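A.B. asks: fold the following, please.
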Amino acid sequence: MGRVLASPFCRTVETAQLLFDGRKRCRRSAGSAVSASSERYAELRKILATPVAPGANLAVVSHGNPFYSVAGPPYLAEGEVAVIRPQGTDFQVIARIRIDGWDALKGAPPK
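C.D. replies: Below you'll find the model as predicted:
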């Protein structure tokens with residue numbers, strides 16, 4: 001696993017720590033969500049558009065409103081995940097994992 005980012009709210013920081021085995025690698029970033037400017041989610045868009053190192057992943061634990069603002073519909077439901085392909089200046093949502101789809105992934109062989 002590469003970096004883990006979480007918005008600056010307790011619920012997202014705790015969720016990130018629980019998801020990633022309690023490792024304290026969460027950085028309170030993607031936090032421009034509390035800004036009042038017209039570019040309030042510019043930092044999140046940049047994070048999602050920036051490619052990661054080969055073989056690495058980036059996990060961003062946030063809220064539905066910021067993601068909806070940069071990715072558009074449909075809105076991410078509670079417990080739902082979007083898998084993103086960074087494209088330098090933009091990004092593409094390549095998959096969504098719904099809350100009822102997590103059990104199916106437990107038995108999936110590693111690729």
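A.B. asks: following the helix or strand of the chain with the lowest mean pLDDT in sequence, what is the next regular element?
C.D. replies: When the helices and strands of the chain are compared on mean pLDDT, DSSP states H and E, strand 26-28 comes out lowest with a mean of 51. Later in the chain than strand 26-28, the nearest helix or strand by DSSP states H and E is helix 42-49.
A.B. asks: what strands flank whichever helix or strand comes after that following helix, and is each parallel or antiparallel?
C.D. replies: Note on helix 42-49: by DSSP H and E, the next helix or strand toward the C-terminus is strand 59-61. If you go by DSSP bridges, strand 59-61 pairs up with strand 4-6 (parallel).
A.B. asks: contacts for the host helix or strand of Ala104?
C.D. replies: Element membership for Ala104, per DSSP H and E: helix 102-106. Applying CB atoms under 8 Å, 6 or more residues apart in numbering, the external contacts of helix 102-106 come out as Gly79, Ile97. Quick note: C-beta positions are derived from backbone N, CA and C, even for glycine.
A.B. asks: tell me how far that helix is from the chain's mean position?
C.D. replies: 18 Å (CA atoms, centre = their mean, to the nearest Å).
A.B. asks: I'd like the average pLDDT over that helix.
C.D. replies: Mean pLDDT, computed over helix 102-106, is 77.
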